[in-house]
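> Provide a 3D model corresponding to the input given below.
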Amino acid sequence: MDLVTRISENFSESAHLKLQAMDALAGPIAAAAERMVQCLKQDRKIMSCGNGGSAADAQHFAAEMLNRFEMERPGLAALALTTDTSTLTSIANDYDYEQVFSKQVRALGQAGDLLLAISTSGNSRNVVAAVRTAQECHVGVIALTGRNGGKMGEILLPADIHICVPAQSTARIQEVHLLILHCLCDAIDCLLMGVE
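Numbering: from 1, shown residues only. Here you go, the predicted model:
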């Protein structure tokens, strides 16, 4: 096996997918950023959730909002539902893992808040449950998925925003998800801070 060739192929596949998806995803990303800014301007918050690499993405996004992205600005109200191990393990132990995010959304979410729900397949049961709970609580949903959007894509309401990466590979989808999150952070800063 030639590792250099294999690594080069990974770079090429990632770059090709990002360019291929750019036109399809730019509109939904812009719409999501505008919804997030509207939410934040109304003194509401953005909650985020996902599993595994998507949990890391949820935390990454919340950190960029709470601290800063690339420019100095006040912290923005964002909360990753993936970080409190006592809450996660108590819900999973007392009920089941499918409710680890939905119970938090029900307790913490208020009408006008947003949920950034991340799942590469769109089929993560606990993320799907969080989306359903958000909809019941009048919390808007921005779904970040891949493949065909899975179950999440099927249950989204017309007011929800779906950003679906047109790929099958989990690794490639996650790479584009990270770019999308950075695009959202940049767009939010531009809209809030007036950057051209």
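> give the buried residues for the longest helix seen in the chain.
The single longest helix within the chain, with elements called by DSSP state H, is helix 3-41. Within helix 3-41, the residues that qualify as buried are 14, 17-18, 21, 25, 28-29, 32-33, 35-37, 39-40, counting by 16 or more other CB atoms under 10 Å. Backbone N, C-alpha and C define where each C-beta goes, glycine included.
> residue 118: which of the residues you listed is nearest?
Using CB to CB, residue 32 is the member of the buried residues of helix 3-41 that lies nearest residue 118, at 12.1 Å.
> what pLDDT does the model give the closest one?
Looking at residue 32, its pLDDT reads 98.
> may I ask you to name the longest strand in this protein?
Determined from DSSP state E, the single longest strand within the chain is strand 140-146.
> thinking again about what came up before, I'd like to know which of the buried residues of helix 3-41 is nearest to residue 162.
Using CB to CB, the buried residues of helix 3-41 come closest to residue 162 at residue 28, 6.6 Å.
> host element of the residue nearest to the closest one when sequence neighbours are not counted?
Closest residue to residue 28 apart from its sequence neighbours, by CB to CB, 6 or more residues apart in numbering: residue 163 at 4.6 Å. Element membership of residue 163, judged by DSSP states H and E, is strand 161-165.
> so what touches that strand?
Contacts to strand 161-165, defined as CB atoms under 8 Å, 6 or more residues apart in numbering, come from residues 17, 21, 25, 28-29, 31-32, 35, 120, 122, 140-149, 152-153, 156, 172-173, 176-177, 180.
> how much does it deviate in direction from helix 3-41?
180 degrees (axes from the mean of the first three to the mean of the last three CA atoms, to 10 degrees).
> next helix or strand past strand 161-165?
Following strand 161-165 toward the C-terminus (DSSP H and E): helix 170-193.
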